[in-house]
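**Student:** sequence and predicted structure are below.
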Amino acid sequence: MLAPDVLDGSDEKSACIAICDRMGLKGYQIGKTKVFLRAGQMAELDARRTEVLANAARRIQRQIRTHLTRKDFIALRRSTINVQKLWRAQLARKLYECMRKEAASIRIQKHVRAHTDRKSYTKLVASAIVIQTGLRAMAARNEYRYRRRTKATTSIQTQWRRFQALSGYKQQKKATLTLQCLWRARVARKELRKLRMAARETGALKEAKDKLEKRVEELTWRLEFEKHLRIDLEEARGQEITKLQNALHEMQGQLDEAHAAIIREKEAAKLAIEQAPAVIKEVPVVDNTKLQLLRNHNEELEGEVRELKKKIEEFEKNYSEAEKESKTRLKEAEEAQLKAALLQETIERLELNLSNLESENQVLGQQALVASTKEDLSEEMKILKSKIANLEVPPQVKCFANGHQTEEELQTTKESGPLVPVLTKQRSLTDRQQENHDVLLKYLMEDKRFDKNRPVAACIVYKALLQWRSFEAEKTNIFDRIIQTIRSSTESQDNVTDLAHWLSTTSTLLFLLQSTLKASNTTSAASHRNRNSPATLFGRMAQGFRPSSLGTGISSGYSGMVGKPNEQLKVEAKYPALLFKQHLTACVEKIYGMIRDGLKKEISPLLNLCIQAPRSARVRSTRGSSKSIHSSIVAKQQTSNIHWQSIVNKLDHTLGIMSGNHVPPMITRKIFSQVFSFINVQLFNSLLLRRECCSFSNGEYLKAGLQELDLWCLKTTDQYAGSSWDELQHIRQAVGFLVLHQKAQKSLDEITNELCPILSLPQIYRIGTMFWDDKYGTHGLSPEVIGRMRVLMAEDSISMPNNSFLLDVDSSIPFSMEEIFRSLSGTDINLSDVDPPPILRQRSDFHFLLQQAQGLADTET
């Protein structure tokens, strides 16, 4: 009763001992079957037992009283709830009766007031109609009188104003023509000046090309010279190796012979000892001469063996040094070959740029020559202007009192009558062309489909421009409108999906232009065209109605392209087409920069959280079991890797959008390479500027995050990741230095050549002096290494005063038009099987798209 938990699983003796100890008894004795207590201890145990029994009785009484009181309380509460429910129902019925009476009275009042207001309103409307009828009749009579009075005055004013307007228009037209002539002459002089500057630049590019060619020749000569030297050294080294091997074989043979002779002498001595009589054994005299000779001979042989081993070691050292020299020279030769290949590629690229510049300069020169010839032909221009003025100015009709015209006016109207259908036909063609342009631009903005990894909009626009011969036109506005549409769709655009669609569309269209267009290299065509162009307006108009637009140089939009539908012909591009290609290149670079900067903007706040490990991840727990410690470490690592996972998710999201919109993989690789370079610069600069980041635990945290990026690069493959992982070399080597154990034992050569070959000396010094180990408490670099780095930095500061240890962000465009053309040249972009949308099928001017698709289907069937 005093200790009920003691009897579980123990004997009686130990239970008695536990009860006495728990009650605080001292001086008692335990026998085998009895317990001997002192005086008064039995009474104390009885008192404690009665106390326990009293407490149990009181507890039972308390529980019974509580149960009875709660039962009464529940019955009282149930009765009060029933009373409240009945009373509230009575109140609700009374309130409902009052509300019903009030609603009925309000409805009666509403209908009475509506009846009275309707009667007053009908009376007011009848009186207002009577007043309005009278006022309108009076106003109509006044207006009729006023028109009769002003009719004669308006006819006089019309004739006078017409005369003034005609005279002012003639004067203004004459002034504008003179101003246009002066302004065009000034613009032509400016273009001629620009062409001369471009010609000078082409000369400078040619000089640079010659210098590069000389440099390539020198490098090839040095490469051949190094190859000859390497061959000679390998031959000499082979001869030396053969000589040393022969000497080694000879020495090995001598050594074997000496060993054989020693073995023979030992066997002969044994035989002599065995054959000798037994009495000789008792003789104490020993002959040591032969033993001494054998010992001397053995020592000589051992010395020769040592000399041979030394020679072999020297030979191995020389051989290893020769191998190292050969490897270094092989590396130098391979680097020289790579440099020569890179120089050859740069020379080819410069040659392409030179050819493009020369062709564009020739086109601009043709434009300048055309402008100069227009200045020389001022007399013809005056004749044309006078004829245009006669056509545009309507003939002055002399009205007589009876309304007849004179015979001269009838003759002039008869002469100008046949020109009216020609002008109306030209206007209808231009209006139709503008409608086609509007439909094409609307389709370009709305259609975002892809067919066989091709943007359909780019293919349709290219085919339409090729069909209309817009590339061969000297004057057209379709290119400016396309560029304006692309710019307006991408200027204030934050959606990466739309930007990726426009990047895919513009890059594909640029590839098609690059593979189709070529600049005209002859100036005779322009001069011949200028000589054959008609001098009168009527001749030009008649020539404009021909099916081909090559005579005038203005795209009519309905000429058509003769040939096979899938045949890509080289077209001689005029100045608007070349300018359109330059603007399209600028649009591709702008959209690329917007996508890259948007991804950098999304990643930037996450990088600020990734540079330093959370405090909870760096605290080491010392209490608790091993399982709890392991679970807490895993939970902290998961929470600390959330930011890195967010960066990886952003990269995956962008990659999905780019691959979903079929952006060329080369452009995707460049975007991710520059983003990884941005991550490298941000993390590395933050590491150099903040001392709390240069710790051992923070290095482990950054290493885990870089492993996440490495896994992403491996999962993405080289097709989209490319050299992105190589862009993180600075932060990778810095993190490797932070998590390195035994830094104090490393020398400066090992750090600069093996651990951190990419980092500069100031950067290594900065990291080494700011490092602190918050996990194991180890030391950083040794004082000798730090002192040597200071000396080297002081020497470098004299030669390079502006030697900064921070990295700069690369925001340039890392690709050119030739790289885009090279990356897309492997893909098969067939334009003949592109299905046009319904918006273009409905128009008869775009039926050439259907004809090409039907022709391909017929060939397949």
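**Tutor:** Arrived safely. Residues are numbered from 1 along each chain as shown.

**Student:** now for Ser14, how many residues are close by?
**Tutor:** 13 (other Cβ atoms under 10 Å). Yep, even glycine has a C-beta here, placed from its N, CA and C like the rest.

**Student:** ok, Pro664 - how many residues close by?
**Tutor:** As a burial measure, Pro664 scores 20 neighbours (other Cβ under 10 Å).

**Student:** that one against Ser823, yeah?
**Tutor:** Yes - the pair Pro664 and Ser823 passes the contact test of Cβ atoms under 8 Å, sitting 5.4 Å apart.

**Student:** which residues does the closest residue to Gly699 other than its chain neighbours contact?
**Tutor:** Among residues not flanking Gly699 along the chain, Leu738 sits closest, at 2.9 Å (Cβ to Cβ, 6 or more residues apart in numbering). With contact taken as Cβ atoms under 8 Å, 6 or more residues apart in numbering, Leu738 is in contact with Cys694, Ser695, Phe696, Asn698, Gly699, Leu702, Ile767, Phe771.

**Student:** next, work out how far apart Leu738 and Arg454 are.
**Tutor:** 48 Å (Cβ to Cβ, to the nearest Å).

**Student:** tell me what the host helix or strand of Val112 is packed against?
**Tutor:** Assignment of secondary structure by DSSP states H and E places Val112 within helix 41-275. Applying 3 or more Cβ pairs under 8 Å, 6 or more residues apart in numbering; DSSP states H and E, one finds that helix 41-275 contacts helix 12-23, helix 289-376, helix 378-392.

**Student:** Ile642: neighbouring residues, count only.
**Tutor:** 12.

**Student:** for it, grab phi and psi.
**Tutor:** Main-chain dihedrals, Ile642, degrees, to the nearest 10: phi -60, psi -40.

**Student:** from Gln707, how far out is it?
**Tutor:** Distance from Ile642 to Gln707, by Cβ to Cβ: 15 Å.

**Student:** likewise Arg691?
**Tutor:** Counting by Cβ to Cβ - Arg691 and Gln707 are separated by 25 Å.

**Student:** can you check Leu301 too?
**Tutor:** 60 Å.

**Student:** which one of the two is surrounded by more residues?
**Tutor:** A direct count of neighbours by other Cβ under 10 Å for Leu301 and Gln707 places Leu301 higher, at 17 against 12.

**Student:** that one touches Met251, doesn't it?
**Tutor:** No - between Leu301 and Met251 there is no contact, the gap being 11.1 Å when judged by Cβ under 8 Å.

**Student:** just the element for the nearest residue in space to Leu824 that is not next to it in sequence, please.
**Tutor:** The shortest distance from Leu824 to any non-neighbouring residue, by Cβ to Cβ, 6+ apart, is to Phe511 (4.4 Å). Here Phe511 is covered by helix 496-516, with elements defined by DSSP H and E.

**Student:** list the buried ones in that helix?
**Tutor:** Buried positions in helix 496-516, judged by neighbour count with 16 or more other Cβ atoms under 10 Å: 496, 498-514, 516.

**Student:** please apply the same query to stretch 248-265.
**Tutor:** Met251, Ala258.

**Student:** ditto for stretch 717-728
**Tutor:** For stretch 717-728, by 16+ other Cβ under 10 Å, it's Tyr720, Ala721, Gly722, Ser724, Trp725, Glu727, Leu728.

**Student:** need those residues in TSV (columns: pLDDT, distance to Glu795 and secondary structure).
**Tutor:** TSV is the format used below for these (pLDDT from 0 to 100; distance: Cβ to Cβ, whole Å; DSSP: H, G, I helix; E, B strand; the rest coil):
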residue	pLDDT	distance to Glu795	secondary structure
Tyr720	85	45	coil
Ala721	86	40	coil
Gly722	84	38	coil
Ser724	88	36	coil
Trp725	88	34	helix
Glu727	89	31	helix
Leu728	89	30	helix
